[in-house]
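# all I have is the shape, not the residue letters:
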């Protein structure tokens, strides 16, 4: 499976619209959790990140880190993993989306 990136066909979009590529990437198992665990800039090692993610399998974690690296959202920063500048920007946007979701009240059926 290839990394969803703008301009590449992705789930739901044969044209690879940037928003569709992003939603495809973020919708993959563990991706949001990995971004969440990298939020504080502590640069966890692979094993530390695996523990923080409740024991995600090493193969899935390696795949997600590779995809996040290809998307320039996270990178191995010498002594551990960290968000890139784009990753930090995305995380700021996700925090706002989380705040919106906390107030989300679906209409009650009558």
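Cool, the structure landed. Fair warning: this is a prediction, and the values are worked out from it, not measured in the lab.
# ends of stretch 41-59, what's the gap?
For stretch 41-59, the first-to-last residue distance is 23 Å (C-alpha to C-alpha, to the nearest Å).
# scratch that, stretch 26-39 is what I was asking about
The first-to-last residue distance of stretch 26-39 comes to 15 Å (C-alpha to C-alpha).
# what's next to it, contact-wise?
11, 25, 44, 49, 52-53, 56, 60-61, 64-65, 67-68, 73-74, 81-83, 87, 90-91, 94 (C-beta atoms under 8 Å, 6 or more residues apart in numbering). The C-beta positions use only the backbone N, C-alpha and C, and glycine is treated the same way.
# give the rounded mean pLDDT of that stretch.
Across stretch 26-39, pLDDT averages out at 97.
# then stretch 48-65?
Here the average pLDDT along stretch 48-65 is 96.
# now the end-to-end length of that stretch.
Across stretch 48-65, first to last residue, C-alpha to C-alpha, it's 13 Å.
# since we're on residue 67, how many residues are nearby?
For residue 67, the neighbour count with other C-beta atoms under 10 Å is 20.
# swap that for residue 96, please
9.
# that one belongs to a strand?
No: Residue 96: not assigned to a strand; according to DSSP: H, G, I helix; E, B strand; the rest coil it is helix.
# any idea how far residue 102 is from it?
For residue 96, the distance to residue 102 (C-beta to C-beta, to the nearest Å) stands at 11 Å.
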